[in-house]
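Asker: got a sequence here, can you build the structure:
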Amino acid sequence: MRRLMLLRHAKTETESPTGQDHDRRLDERGHRDAAEIGAWIGRHPPFPDRVLVSPAVRAHQTWEVAWQAMEGLVSPPDVEFLPELYGADPTDLLHTIRMASVSDPKRLMLVGHNPGMHELALTLIGSGDASAKKALDHNLPTSGLAIFDFPTHDWTDVAFRRGKLVQFVSPKLLKQTSDD
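Answerer: Next up, the predicted model:
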């Protein structure tokens, strides 16, 4: 069994100081949401063994803030910053996932961007939690986390429509469930 966790970066400022999209930073809400989703991950094992992060400032900051919320609860994963995650489409992302077979983590997390991450999540669903799928249909929001299981022992076997959507969470959904 292999577990894949797709985490979209947290909420960002509208423009970066440099004017470059790649340099946009998390805003105040983004910091809060990344910490909240990180704390949630820290309370819900199993945890990622390997994390692949887009080098965009907002993705890097999302991972750092989320990790700070998990630290002490989770063993440190192997983290790598991959330029190819920035602007990647679902096919590119699937290729990156399959390349994880080289290091062969049991649980892999990607921290990246829409529209590629949302499109990937939708195309991976073969079965799973119907309410999570319905919530994910519309958007993978900032700080949204989609968790998939694949009945395989090799990342090269991961394919579209073969994943079981185990769970979909976001700060907004967590707030709604805590208000109930």
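
Asker: distance of residue 112 relative to residue 134?
Answerer: Per C-beta to C-beta, to the nearest Å, residue 112 is found 23 Å from residue 134. Just so you know, the C-beta spots here come from the backbone N, C-alpha and C atoms, and that holds for glycine as well.

Asker: which secondary structure element of this structure has the lowest mean pLDDT?
Answerer: Lowest by mean pLDDT, DSSP states H and E among the helices and strands of the chain is helix 171-179, with a mean of 80.

Asker: show me which residues of that helix are buried.
Answerer: Buried residues in helix 171-179, counted by 16 or more other C-beta atoms under 10 Å: 171, 173-174.

Asker: tell me the contacts of residue 22?
Answerer: Applying C-beta atoms under 8 Å, 6 or more residues apart in numbering to residue 22 gives the contacts 16, 55-57, 86.

Asker: switch the cut-off to 6 Å
Answerer: residue 56 (C-beta atoms under 6 Å, 6 or more residues apart in numbering).

Asker: if we can go back for a sec, residue 112 and residue 134 - which one has more neighbours?
Answerer: residue 112 (26 against 10; other C-beta atoms under 10 Å).

Asker: for that one, give the beta-bridge partners.
Answerer: Beta-bridge pairing for residue 112 (DSSP bridges): residue 8.

Asker: that one against residue 86, yeah?
Answerer: No. Using C-beta atoms under 6 Å, residue 112 makes no contact with residue 86, being 7.6 Å away.

Asker: now for the helix or strand harbouring residue 147, which elements pack on it?
Answerer: Of the helices and strands defined by DSSP states H and E, residue 147 is found in strand 145-150. Judged by 3 or more C-beta pairs under 6 Å, 6 or more residues apart in numbering; DSSP states H and E, the packing partners of strand 145-150 are strand 2-8, strand 163-169.

Asker: great, nothing more from me.
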